[in-house]
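Chemist: How does the following fold in three dimensions:
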Amino acid sequence: PKATMAFTGKYEFEGDENYDAFVQKIGLSSEKIELGRNCKIVTEVVQNGNDFTWTQHFPGGHTTTNKFTVGQEADMETMGGKKFKATVKLEDGKLVADFPNYRHTAEISGGKLVEISTTSGVVYKRTSKKIA
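Modeler: Coordinates of the predicted model:
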């Protein structure tokens with residue numbers, strides 16, 4: 001099935017929940033934890049049918065880009081910079097990806113990009129507002 005939701009846009013970090021508990025569980029270094037805290041990440045999404053380019057622009061010029069097609073295995077990179085293979089699925093209008101130590105979902109809700117990562121019972125939620 002073709003992806004129908006419109007993810008394309010630029011989104012700026014607005015707020016999050018359970019950041020510390022989550023990044024400690026997935027083993028980020030304290031230096032990376034501090035860098036990421038309330039970090040004004042801008043997420044840029046280009047969607048062409050089932051093909052996505054998902055870029056995160058971090059303050060200071062660092063970017064991470066994941067390119068994937070829904071339902072096909074792709075090379076991905078985690079928050080911590082680990083590279084791995086994953087298949088992104090579409091479930092109930094949400095993009096779902098299983099990372100090595102957490103499950104990540106993304107959806108557009110009320111015009112915002114809502115991303116939820118779950119690991120060992122800790123749910124990390126990040127909301128970004130659309131800026132372009």
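Chemist: Which strands and helices lie in contact with the lowest-mean-pLDDT helix or strand in the chain?
Modeler: Within the chain, judged by mean pLDDT, DSSP states H and E, the helix or strand with the poorest mean is helix 30-36; its value is a mean of 85. Packing partners of helix 30-36 (3 or more C-beta pairs under 8 Å, 6 or more residues apart in numbering; DSSP states H and E): helix 19-25. In this view, the C-beta of every residue, glycine as well, is placed from N, C-alpha and C.
Chemist: then the helix it packs on to PDB, C-alphas only?
Modeler: Provided in PDB are the C-alpha atoms of helix 19-25 (Å, rounded to 0.1, in the frame of the first residue of the first chain):
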ATOM      1  CA  TYR A  19      14.900  12.100  27.600                       C
ATOM      2  CA  ASP A  20      17.300  11.300  30.400                       C
ATOM      3  CA  ALA A  21      15.800   7.900  31.300                       C
ATOM      4  CA  PHE A  22      15.800   6.900  27.600                       C
ATOM      5  CA  VAL A  23      19.300   7.900  26.600                       C
ATOM      6  CA  GLN A  24      20.700   6.300  29.800                       C
ATOM      7  CA  LYS A  25      19.000   3.000  28.900                       C
END
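Chemist: For stretch 98-108, give me every contacting residue.
Modeler: Residues outside stretch 98-108 that contact it (C-beta atoms under 8 Å, 6 or more residues apart in numbering): 5-7, 22, 25-27, 76, 78, 82, 84, 86, 91, 93-97, 113-119.
Chemist: Could you do stretch 78-93 as well?
Modeler: By C-beta under 8 Å, 6+ apart, stretch 78-93 touches 1, 3-5, 23, 26-28, 32, 36, 50, 52, 64, 68-77, 95-100, 105, 107.
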